[in-house]
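**Student:** Attaching a predicted model along with its sequence, questions to come.
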Amino acid sequence: MVWRRVLRFFGLLLSVLILAVACQDIRNGGVADVGLVRTDSVRLATLNVHYIDMRADGGRWSREGWEARKTSLDAAFKAVGADLFAFQEMETFSGGNDDSVNLARSYLLERNRDYAAAAMGDWRAFPSTQPILYRRDRFVVLDQGWFFFSETPDAIYSRTFNGSYPAFASWARFKEIDTGAAFRVVNLHTDYASRENRRRSVALVAERVAPWIAAGETVFVAGDLNARLGSGLYEVLEAVGLTFVPVDGATYHLDRGLNLFGAIDHIAFAGAALVGGPVVVRERFGNVWASDHYPMFADFRLR
C-alpha cells in the first residue's frame, strides 16, 4: 500500500510539473506577425545563431548539424527582412581565434547579396564573430570597433573579469544614404554563467556608450544579454539614456521550441523613436530550428 501511495504522489508531482511547463510555454510563447518592412523606418534585429564546432563528431552544433539547419537560418533571415541584423556566436570554431572560415556568415552573405557585413575584419586585429549585416543600398559604414569585457578591454581576446572565456562588444557607425542620418549599433553577448561578469560587462558598455549619447548621437545596443528585463543589470544602461524595447515572452527556447522563461535577447536605443515591435519570431523554418534562440526585431525612426 505504501508503494502505491508513493507512486500516486510522484504521478501527481509529474502532472503538476508538466502542467507548469505547459503554462510557462503558453505564457512565454505566441506566434509573431512579422509585418512589412517600413520604408520610413529602420528595422534592427538580433539573433544568437550558435557557434559551429568543427571538432564535434556529430550533433546540432557540429559541421553536420550546420548543414542540416543552414537553410532554416537563411529562411529566418529573409522572413525578418531586417535592415540591420546583429549576430552573436557567428563562429566556426576549430580551436583558437582564427576566423578564416566562417560558414554561417559566408552562407548568409552569398545568398543575400544585397547585404554586407560590418563590425568585422582580419581576425588578428578584429574579433569577427559578432558581425552586423546591413543593407548595402541603404547604409554606408563610417567606423567600427570593439572592446572586450575585461580588465584590459582594448586588448584583443583578453579574458573576462573572472578569467573565463573572452566575451566582447562589437560596434559599427552607419550613415543612411538617403537622409544622411548617422547612428551606432553596439552588438554584445554577455557571460551566461557568471552574474558578476554580466554586471561588470554591462557597466563597461554603459561607460563606452555614455559619451556618444551625451554628444547627441543615436545609439542602439542589441544582443544576447543573458538576463531578463526588470533585472537590476539594466539600470546602469538606462541611467546613461538607453531605453529597452519591452519584449514579451521567450527569446531562448533550448533548441526545442520550449518557451520556459522571459526574453534574454534585447534591443535598447537612444536618440530614435520606436515605431514597431518588438517582435519575436517563434517559428521553425523547415525541419529543424535555425538556432536555440529566436530572432527578435524592432522598427525605429531615426532622428
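**Tutor:** Yes, it's here. Residues are numbered from 1 along each chain as shown.
**Student:** Tell me where the stretch 101-250 of the chain has helices.
**Tutor:** 103-111, 195-214, 235-239 (DSSP state H, counting those that start in this stretch).
**Student:** and the helix or strand hosting Thr71, how far out from the chain's middle?
**Tutor:** Using DSSP states H and E, Thr71 maps to helix 63-80. Relative to its chain's centre, helix 63-80 lies at 16 Å (C-alpha atoms, centre = their mean, to the nearest Å).
**Student:** And that helix, what's buried?
**Tutor:** Within helix 63-80, the residues scored as buried using 16 or more other C-beta atoms under 10 Å are 63, 65-66, 69-74, 76-77, 80. C-beta coordinates here come from the backbone N, C-alpha and C atoms, glycine included.
**Student:** quick one: Leu237 and Ile267 touch, right?
**Tutor:** No: using C-beta atoms under 8 Å, Leu237 makes no contact with Ile267, being 11.6 Å away.
**Student:** out of these two, which sits in the busier spot?
**Tutor:** Between Leu237 and Ile267, counting by other C-beta atoms under 10 Å, Ile267 is the more crowded of the two (25 against 22).
**Student:** which residues does the closest residue in space to the more buried one that isn't next to it in sequence bridge with?
**Tutor:** Leaving aside its chain neighbours, Ile267 sits nearest to Ala222 (4.6 Å; criterion: C-beta to C-beta, 6 or more residues apart in numbering). Listed by DSSP bridges, the beta-bridge partners for Ala222 are Asn187, Ile267.
**Student:** I'd say Ala222 and His266 touch.
**Tutor:** Yes: when contacts are counted by C-beta under 8 Å, Ala222 is listed as touching His266 (7.2 Å).
**Student:** what sits in contact with each of those two?
**Tutor:** Taking C-beta atoms under 8 Å, 6 or more residues apart in numbering as the contact rule, Ala222 and His266 both touch Thr46.
**Student:** still on that earlier bit, okay, and the common contacts of Leu237 and Ile267?
**Tutor:** Common neighbours of Leu237 and Ile267 (C-beta under 8 Å, 6+ apart) are 221, 244.
**Student:** ok, back up a step: now the angle between helix 103-111 and the helix holding Thr71, please.
**Tutor:** For helix 63-80 against helix 103-111, the angle by axes from the mean of the first three to the mean of the last three C-alpha atoms, to 10 degrees is 50 degrees.
**Student:** distance between the helix or strand following helix 63-80 and the chain's centre?
**Tutor:** Downstream of helix 63-80, the first helix or strand assigned by DSSP H and E is strand 84-88. The chain centroid and the centroid of strand 84-88 are separated by 6 Å under C-alpha atoms, centre = their mean.
**Student:** now Ala210, nearest residue through space, not along the chain?
**Tutor:** Nearest residue to Ala210, sequence neighbours excluded (C-beta to C-beta, 6+ apart): Val240, at 4.2 Å.
**Student:** Check the contact between the one you found and Ala206; I expect there is one.
**Tutor:** Yes: here Val240 lies in contact with Ala206, judged by C-beta under 8 Å, at a distance of 5.0 Å.
**Student:** Surely Ala125 and Ile156 touch.
**Tutor:** Yes: between Ala125 and Ile156 there is a contact at 7.1 Å, judged by C-beta under 8 Å.
**Student:** For those two, indicate the residue with more neighbours.
**Tutor:** The neighbour comparison of Ala125 against Ile156 (other C-beta under 10 Å) goes to Ile156, with 18 against 9.
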